[in-house]
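1. what follows is a predicted protein model with its sequence.
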Amino acid sequence: MPTNASTSLSFGKKAAELVREIVESDPETLPPYNADAMRTIVEQCGDHRAEIVTLAPDASEDATRVGLLAHHQAILRNKRAMLVYLNERVGRVKEMRWSVGMGLPESASANMSHGERTFFTKYAETLNEYMRAVDLDLTLDLEPPQNHKIQVRCLEDHGEIFTRDGTVDLKKNTVHLLWREEAQPLIREGVLEQMDDE
Amino acid sequence: MLVGANNFHYAYASIRDEGANCPVLIYVSTAEVDALCAFRTLKMMLKSDHVAFSAYPVSEYDELQRLGAEIPDDGLQRAIVLINCGGTEDVRAVMGLRKGARAYVFDSHRPLDLVNVSADNQDVLVMRDDKEGEESFPEPHSDDSDSDDSSDDDEGPESPRTRRVRRQERARDRAAYYARGSFYGRASGIIMHDIAYKLNKDRLENYLPLWLAVVSMTDQYLHQRLSHEMYTSCVMELATRVSAMSNADQPMTRYLEDGTVVNAFSERRLQYNEEFRFMLLRHWTLYDSMLHSNYVATALQTWTERGRANLNSLFAHVGISLDVAKQKYKHMEPEKMKQFEERLEQYGSSHGLDNVKFWSFQYSHGYSVKVCAADVVYGATALLEGLGESGEGDGSAADNFWRAAQALSLGNWEEMESGIGHAIRLQQAVMRQGSVALSSSAHIRTTGSLRCYNLLDHGSPADVKLFTHPLSLLKLALFIQDALRLTRNRIRPLVVIGPSSEDDSFALIVGVTAKPNTDDTSGGNFFTYSFKLAAERINARFKHGSFEASIIQVAKRDLGQFIEALSDIDAERLARLRASAD
């Protein structure tokens, strides 16, 4: 009754390794997509199915029924493990849109599967569409800010900038209250310095 | 035009509304702590309303003019706020106000420029509290065109002759208005607090506007810009607000279970209490604090041997050994201090110390921070003066301004403590140089009706460089004048010459009058007027652009002539006074 295919069957062992691989990796990174393991597990599911098909005619015997159940459970377990793997990866791909932004670095892109790359593009598009609709850059502050305007002191003569509130002349040693998102890039450049005097 | 106390908050509302079009432009004087406090409160209010602003620290009229020319001419409704500057000059002309721009002037300098005050001038709004008293403002202009409008309310046509007479009359009124010299009105910091109070914004940042108002008021008082009567009434006014604070009635002490009394933790608490007129007592030793306070130094004449002996004998009378008095105040036993306070009341007056205390405010936070308003004024002023530049900043007035601003916020005590340290060093120098000036009658020259002390000739070089800031030199001048007031029979105006910060060939000159220039009843500081006149008369090279008009910089080679011209002008002034008295 056992067939020659049984050697490739691991009854979910391979799938468990896949889950362990993603769980043990650094949650900030996206490890390379393990296409080999995925393919192997899918093949294993096919083998289990073949086993079931061969065993099915003798289902009246108790021992055969136990075998059927074991193969079926193995398929379900493999499926669940693969979904866990994919779901975790999708979560990290989404996270990248918020932390890295639109431009995906080459290293991250290389680690993605084709499907994940498509997902990333589509997800970014949807997010952009939403942000356009509400007229707000949601990726700017991941934590909701206390104030939407911040007080900055100008460290060098920078000249005029155009803000939502109007023209602001950034001269050395002047202090301004600006929109957070408009001031942030200049703070990063070192033109402005945030002033906290509360 | 003028805005009265009842309408201050409308002025703010209008600033806020115009701020929705384009950022509010704030020009704030770097010359005193009051400006700093007023700016801080305004900033807090604008921030709470999410109004964008840009703030420019300015130190002289040239700078204001330059910045005014840079304001874009886009026809937008733009609010321009001037803090402790602009009031005494025609703002429209200085700033070159364009269409749509409107200036809001918070300036404690007086007399106000008549063009600013004029009701026709809708572009310039000058805040003036009615508590300053009635004042009549003469018409600003008397050119031929406006005499046509004014003839409307008269009956019948005017002859050219009467028109000329009226014109002359008005010109005379104007001259008299300005000739009074400079004096001071309500502190801008208090006006800002009035606005915050009216708009329920006085609780921002734990009642910070109220504390800043207290600091503003104390700043004016310590620099002799506020008469004792005005000070007392201001203190009463602010004291009511302090006692209305939400944490005012929390107990100062708590009882533990076993009955021991401990200080209660109190967060950011303001208190109204009596303070000694000693300099920075909490940060110094009792002995030094007394020795270096203007009040004790002038009353006991501590620059003489006898004066020092007198101070030592006072300590003997109150039963405090000099060793105890010379240890850090913080480390003194509280019982000793209590004993000192009680006995001083008894023996003080025999040593000439009568009103040794004054009503003031103190601020405490937690267990470690406890300062009185005067300490903060001295500390912040020292930072404004740019004493002890750490090498981090560029030492410009604007840079010092922001350092002082940081120190003034209640969370930054390190900066404030360094400011207080510099204030101590400056006060030591004031006392040393003041003593040198007073020790010999040859040092202070009398020229006509004036007295003149030249720090450049008599001061020790190590100290002289501390006096490049007008406020520092003014402190010295006020101390010498206070001392002369008690020791000489005749009180004359005093001119003190010190070093210039920018240019070595120039000298900085400050003038203090016989009486303090606290309000217009005591007579203003006429040096405002005579400094410029004297410099022009002798064609000296001079700089007279500071917001404090009783300060001038004159080329050193012209100094001798300048002082002579100044004394001539003063003689003319006295002659005029005598003539009008007859």
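-> Yep, that arrived.
2. B:Ser313 contacts B:Tyr347, correct?
-> No: applying C-beta atoms under 8 Å as the test, B:Ser313 and B:Tyr347 come out as separate, 9.3 Å apart. For glycine as for every other residue, the C-beta is placed from the backbone atoms N, C-alpha and C.
3. neighbours around B:Asp17, how many?
-> 13 (other C-beta atoms under 10 Å in any protein chain shown).
4. correction: the previous question concerned B:Leu450.
-> Neighbours of B:Leu450 using other C-beta under 10 Å come to 21.
5. beta partners of it?
-> B:Thr447 (DSSP bridges).
6. so who does it touch?
-> B:Arg492, B:Pro493, B:Leu494, B:Val495, B:Ile563, B:Leu566, B:Ser567, B:Asp570 (C-beta atoms under 8 Å, 6 or more residues apart in numbering or on different chains).
7. ditto for B:Lys543
-> Residues near B:Lys543 by C-beta under 8 Å, 6+ apart: B:Phe506, B:Ile552, B:Gln553.
8. what does B:Phe526 give?
-> Applying C-beta under 8 Å, 6+ apart, the residues contacting B:Phe526 are B:Ala179, B:Arg180, B:Gly181, B:Pro493, B:Thr513, B:Asp570, B:Arg573.
9. try it again at 10 Å.
-> Counting by C-beta atoms under 10 Å, 6 or more residues apart in numbering or on different chains, B:Phe526 touches B:Ala179, B:Arg180, B:Gly181, B:Ser182, B:Pro493, B:Gly511, B:Thr513, B:Asn517, B:Ser550, B:Ile569, B:Asp570, B:Arg573.
10. now do A:Lys149
-> By C-beta under 10 Å, 6+ apart, the contact list for A:Lys149 reads A:165, A:176-180, A:182-183, B:46-47, B:49-53.
11. partner residues bridging it?
-> The residues that A:Lys149 bridges to, once DSSP bridges is applied, are A:Trp179.
12. quick one on the thing from earlier: which one of the contacts of A:Lys149 is nearest B:Asn412?
-> Closest approach between those and B:Asn412, by C-beta to C-beta: B:Lys47, at 17.5 Å.
13. may I see the buried residues of the helix or strand where the closest one lies?
-> Element membership for B:Lys47, per DSSP states H and E: helix B:33-48. Neighbour-count burial for helix B:33-48 flags B:33-47 (criterion: 16 or more other C-beta atoms under 10 Å in any protein chain shown).
14. let's see whichever strand or helix holds B:Glu205 as PDB, backbone CA atoms only.
-> Using DSSP H and E, B:Glu205 sits within helix B:204-222. The C-alpha coordinates for helix B:204-222 follow below in PDB (Å, rounded to 0.1, in the frame of the first residue of the first chain):
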ATOM      1  CA  LEU B 204      -0.900  78.600  28.600                       C
ATOM      2  CA  GLU B 205       2.300  76.700  29.600                       C
ATOM      3  CA  ASN B 206       1.300  76.800  33.300                       C
ATOM      4  CA  TYR B 207       0.600  80.500  33.600                       C
ATOM      5  CA  LEU B 208       3.800  81.500  31.900                       C
ATOM      6  CA  PRO B 209       2.400  84.800  30.600                       C
ATOM      7  CA  LEU B 210       1.700  85.900  34.200                       C
ATOM      8  CA  TRP B 211       5.300  85.100  35.300                       C
ATOM      9  CA  LEU B 212       6.600  87.000  32.200                       C
ATOM     10  CA  ALA B 213       4.500  90.000  33.100                       C
ATOM     11  CA  VAL B 214       6.000  89.900  36.600                       C
ATOM     12  CA  VAL B 215       9.500  89.800  35.000                       C
ATOM     13  CA  SER B 216       8.700  92.700  32.700                       C
ATOM     14  CA  MET B 217       7.500  94.800  35.500                       C
ATOM     15  CA  THR B 218      10.500  94.000  37.600                       C
ATOM     16  CA  ASP B 219      12.800  94.800  34.700                       C
ATOM     17  CA  GLN B 220      11.400  98.300  34.400                       C
ATOM     18  CA  TYR B 221      11.600  98.800  38.100                       C
ATOM     19  CA  LEU B 222      15.200  97.600  38.500                       C
END
